[in-house]
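1. kindly generate the corresponding structure for this input.
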Amino acid sequence: MKFILAPKFKQSLRTYFTPESMMGLLSLLTTNPRAGAVIPGFCGVRKLRYADAVRGVGVRGGLRVLYRYHQQQDTVTLYLAYRKSEQADVLLHERAYIQRYQDQDPQEDDVWPPISNN
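-> I've put the predicted structure just below:
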């Protein structure tokens, strides 16, 4: 499985994830890429409830991670993460960002694990 971390997701890493919780998220999505609920009318984007290890809050009051699973490419694109306490749902400008990002080819430094040039 390959992961693409959109720029806004990468910006939120230190705020919302410990190294261990980020590896846990990637492990969860590797095992079950359909774990999150599909957001209706949003091109297959899913919203996953995930524990906020930084604040010690469980799934229910923790993070929301927006991503899309591309089955044919065996790839997950992580778009955004936010705390439930900060916002109730995806904002319109965030939806627009995700739709714009879906139309672009990812940059090499957005891909994890990194692409080797050997």
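
2. which residues in the protein form strands?
-> 2-5, 37-38, 46-50, 63-70, 75-83, 111-112 (DSSP state E).

3. adding distance to Val90 and mean pLDDT, write those out as TSV.
-> Heads up, the C-betas are built off the backbone N, CA and C, glycines and all. Shown next, in TSV, are these (distance: least, C-beta to C-beta, whole Å; pLDDT from 0 to 100):
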stretch	distance to Val90	mean pLDDT
strand 2-5	18	93
strand 37-38	12	94
strand 46-50	7	95
strand 63-70	7	95
strand 75-83	8	93
strand 111-112	23	66
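
4. nearest to Ser21, out of those?
-> strand 46-50 (7.8 Å; C-beta to C-beta).

5. quick revisit: dump the strands of the chain to CSV, plus distance to Glu94 and mean neighbour count.
-> Converted to CSV, the strands of the chain look like this (distance: least, C-beta to C-beta, whole Å; neighbours: other C-beta atoms under 10 Å):
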stretch, distance to Glu94, mean neighbour count
strand 2-5, 16, 19
strand 37-38, 17, 12
strand 46-50, 11, 19
strand 63-70, 8, 22
strand 75-83, 6, 21
strand 111-112, 22, 15
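
6. for those, which one sits closest to Gln99?
-> Closest among the strands of the chain, using C-beta to C-beta: strand 75-83, at 9.9 Å.

7. parallel or antiparallel, which strands does that closest one pair with?
-> Counting by DSSP bridges, the strands paired with strand 75-83 are strand 2-5 (parallel), strand 63-70 (antiparallel).
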